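> Have a look; sequence and predicted model below, questions after that.
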Amino acid sequence: MLSNFPIGQYIPGSSLIHRLDARIKIILLLGALIILFWARSFTSYTIYFFYLLLTVIFSSISFRYLIRTLKPLLFLILLTFFINLIFTTSGKVILEWKGIKITKEGLVMGMQMSMRLIFLILFSSLLTLTTSPLEIADALEYLLFPLKFLGISSFEIAMMITIAIRFIPTLLEETERIIKAQMSRGADFESRNILKRIYNMVPVLVPLFVSAFRRADDLAFAMESRCYRGGEFRTKLRIAKIRAIDFQAILISLFFWVLVVFLR
Amino acid sequence: MLQVEDLHYTYCKDTPFAVKALSGINLNIKRGEFIGIIGQTGSGKSTLIQHFNGLLLPTKGRVLLVGVDLARLKGQERRYIRKKVGLVFQYPEYQLFGETVFEDIAFGPRNFYMSEKEITKCVEEALDMVGLSFKQFSSRSPFSLSGGEKRRVALAGILAMKPQMLVLDEPTAGLDIEGKERITSLLKEFHSRGVTIVMVTHNMEDVALLADRIIVLAGGSILLEGTKEEVFSKPSLLEELGLELPQIPRVLYLLKKNNFFVQTSLFSVEEAKEEILNCLNRRGDKFVK
């Protein structure tokens, strides 16, 4: 059920992509997503696909499993496709039905947008699948250092993100447990009636909130009893270092990015 | 009443996280029986009982309730199974959500479209069964109750559906002695009224006290099955699994280990006293009865 939910899950491993520095991975991800918006032509999308394929191969994550991360967002992808398909009205009409005109431009636009979304999701999933939440939080702390000039401590933010990420599986588990408990009392989460289904979420949400607050309380207490007192003087257990493979990854990525931009 | 045939279950099938939780479970629960399921954490106890009311469906094998295969039922039909087989999760007080105790307990009956009059009657009876007064508690918020009271309200929430079979996961965990005794005496009473009960627990005293038949799970399959005398006569095997004997047989077992020839499968203080005195007398030591 919910524990099958693949978004944000980390699969431990020792592949090339796993070993890259998390900071580099995040920067490369951002770069790859920005470059995506240059791609227009079929060739550039093909090149981009090979870029993704190469990353997947080096990450030792099965392509089939990666594709599953699209499932929860399938609705969004389809919606993007149809909105672009229907609301692009200029251009050559290829199909007309009851006042809805479908143009060639609309079709191309719809495919482009949904392809972009698919690439975006797959690349982001690759990051979370190959990088442990702790590494991501550490990297974010490092990358968010400009916030210091605004008087915000990037450490605190990283801490909050770490805690939030850490509790996703816990809360999912809790949700599943509560759903099952209420199903055992005859709650109907499989009803066809949408309104009824929403109304039926109340018995899940109330206990979930109660337990989330209880957990937050316990955690704060536990942190305090271990003398936690925020950023400034804390040292790190693992200090990330940029190595040769990181530079290789940057070079390979740059190569693909340049190709995509030139062949757009 | 409930038959389990060659049940296998794997969590997160077809993902890198796949875990085999149960393999080849065969079980036949008769009407009116009281069954205790024991085993270490991770032995598959909780996974097994979730098959009893169709929350989980077997990866392989079948679960039959009065001859009906749960996996073959459609969504709504499967929902009605849960009225027949009441499943009480571990720490059921965490599932409370109602504004009042009444509303919370009424949740189950309401899901099965009972009339308001029937619902009130069910809630009254359920509260009465768990020993809380309707007058005093029905309009209070469940969140204002003590731990033991919350547990009993949660239990009443299941009882209000009038299940023919009651399945409980660690019903006494985390309660004080008084709370524990209340729950065990409640279970005894339901059982005497003819309700079939399956109880999962770590607490050997409870199983020895209540269960007609004990099932020991280890690593997702049934390792031992039998009456308390049969199961607790294999202390070394249980020890290997990290399970303890109940107090009294444990004392007798330790005596036996130290060359006192006593019989170990006794469960009451009175019987144990007799046995120990007899043994001492047999040894020729001068002990007065």
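Looks like it came in fine.

> so what's the residue in chain A sticking out farthest from the centre up against?
In chain A, the residue that sits farthest from the middle, by C-alpha atoms, centre = their mean, is residue A:98; the gap is 38.6 Å. For residue A:98, the contact set (C-beta atoms under 8 Å, 6 or more residues apart in numbering or on different chains) is empty. (Glycine included, C-beta is placed from N, CA and C.)

> if I look at it, how far off is residue A:105?
Plainly put, residue A:98 is 20 Å away from residue A:105 if you go by C-beta to C-beta, to the nearest Å.

> same check, this time on residue B:243
71 Å.

> what's the answer for residue A:229, then?
59 Å.

> So for those two, which residue has more residues nearby?
Legend: neighbour count by other C-beta atoms under 10 Å in any protein chain shown for residue A:229 and residue A:105, higher for residue A:105 (17 against 10).

> Could you find the closest non-adjacent residue to that one?
Excluding its sequence neighbours, the residue lying closest to residue A:105 (C-beta to C-beta, 6 or more residues apart in numbering or on different chains) is residue A:91, at 3.4 Å.

> Give me the secondary structure label for that neighbour.
coil (DSSP: H, G, I helix; E, B strand; the rest coil).

> residues near it, how many?
By other C-beta under 10 Å, the residues close to residue A:91 number 15.

> next one: residue A:235
Counted with other C-beta under 10 Å, residue A:235 comes out at 5.

> Residues of chain A that sit close to chain B?
A:3-4, A:6, A:11, A:62, A:65, A:68, A:177-178, A:180-188, A:190, A:202-204, A:206-207, A:210-211 (C-beta under 8 Å from any C-beta of the partner chain).

> OK, contacts around the residue of the stretch 101-250 of chain B found nearest chain A?
Ranked by C-beta to the nearest C-beta, the top residue of the stretch 101-250 of chain B for proximity to chain A is residue B:111, at 3.3 Å. Contacts for residue B:111 (C-beta under 8 Å, 6+ apart) come out as A:185-188, B:79.

> Now residue B:37: which helix or strand?
strand B:34-38 (DSSP states H and E).

> Report the secondary structure state of residue B:28.
Quick answer, by three-state DSSP: residue B:28 is strand.

> hang on, it packs against residue B:3?
Yes. Here residue B:28 reaches residue B:3: they are 5.2 Å apart, a contact under C-beta atoms under 8 Å.

> what about those two, which has more around it?
Using other C-beta under 10 Å, the more surrounded residue of residue B:28 and residue B:3 is residue B:3, with 16 against 11.

> Please name the bridge partners of that one.
Beta bridges link residue B:3 to residue B:28, residue B:64 when assigned by DSSP bridges.

> What pLDDT does the model give it?
As predicted, residue B:3 sits at a pLDDT of 90.

> Equivalent analysis for the one 10 residues further on, please.
The confidence metric pLDDT takes the value 78 at residue B:13.

> sec struct for the closest residue to chain B within the stretch 151-264 of chain A, please.
For the stretch 151-264 of chain A, the residue closest to chain B is residue A:186, as judged by C-beta to the nearest C-beta, at 3.3 Å. At residue A:186 the chain is in coil, as set by three-state DSSP.

> can you give me the strands in chain A?
Remark: strands assigned in chain A by DSSP state E are A:93-97, A:100-103.
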